[in-house]
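Peer 1: show me the folded form of this:
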Amino acid sequence: MKARHKRLLLIIGGLCVVGVAALLIMNALNSNIALYVTPSDVFAGKAPQGQAFRIGGMVKEGSVKRDGITVHFVITDLVKDIPVAYTGILPDLFKAGKGAVIQGRLDNSGEFIATEVLAKHDENYMPPEAKHALEQAQKMGNKP
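Peer 2: Numbering: from 1, shown residues only. Modelled structure (predicted):
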């Protein structure tokens, strides 16, 4: 075998290894992506079906109910409400009337089964995406 053919085989083999590694990395990243949506987006059918995603908004006043270690509450963008069930320990800053981002999946009954709850850390700060989504939902809800 000539040196030229050996180099060509080495280059092709290297490209195959890099391609397989890139595919494995892309697959791992794709399975860990959690999209952010609002309750209005969920009602509009924009939520991913059959995969985990994040839903953000405000915890509705008077909606927090504890059933043993499971907590049931409602997350709202001030236009639409989504019931949430979370089994586990909630963050210390989790309160009714405060912002939260919840990761999980929708079940068949329309309830959001949470696997993680993140509470807003400062009452004056809201991520730009969440603020924009709340403003958009309020505008859409106020239209006749």
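Peer 1: which one is G104 nearest to, not counting chain neighbours?
Peer 2: With sequence-adjacent residues excluded and distances taken as Cβ to Cβ, 6 or more residues apart in numbering, G104 is closest to A114, at 4.0 Å. Quick note: C-beta positions are derived from backbone N, CA and C, even for glycine.
Peer 1: quick check: the one you found touching V101?
Peer 2: No. Contact between A114 and V101 fails when scored by Cβ atoms under 8 Å: they sit 10.1 Å apart.
Peer 1: mind listing what the residue nearest the centre of the chain touches?
Peer 2: Nearest to the geometric centre of the chain sits R54, at 1.7 Å (Cα atoms, centre = their mean). Listed by Cβ atoms under 8 Å, 6 or more residues apart in numbering, the contact set of R54 reads A34, L35, Y36, V37, V101, I102, Q103.
Peer 1: for V84, give me its contacts.
Peer 2: Contacts of V84 by Cβ under 8 Å, 6+ apart are I55, H72, F73, V74, I75, I102, G104, E111, F112, I113, A114.
Peer 1: for the third one, what are its contacts?
Peer 2: In this structure, F73 makes contact with V59, K60, S63, V64, K65, P83, V84, Y86, A96, judged by Cβ under 8 Å, 6+ apart.
Peer 1: look up phi and psi at the first one.
Peer 2: Read that as V59. phi -80, psi 120 (degrees, to the nearest 10).
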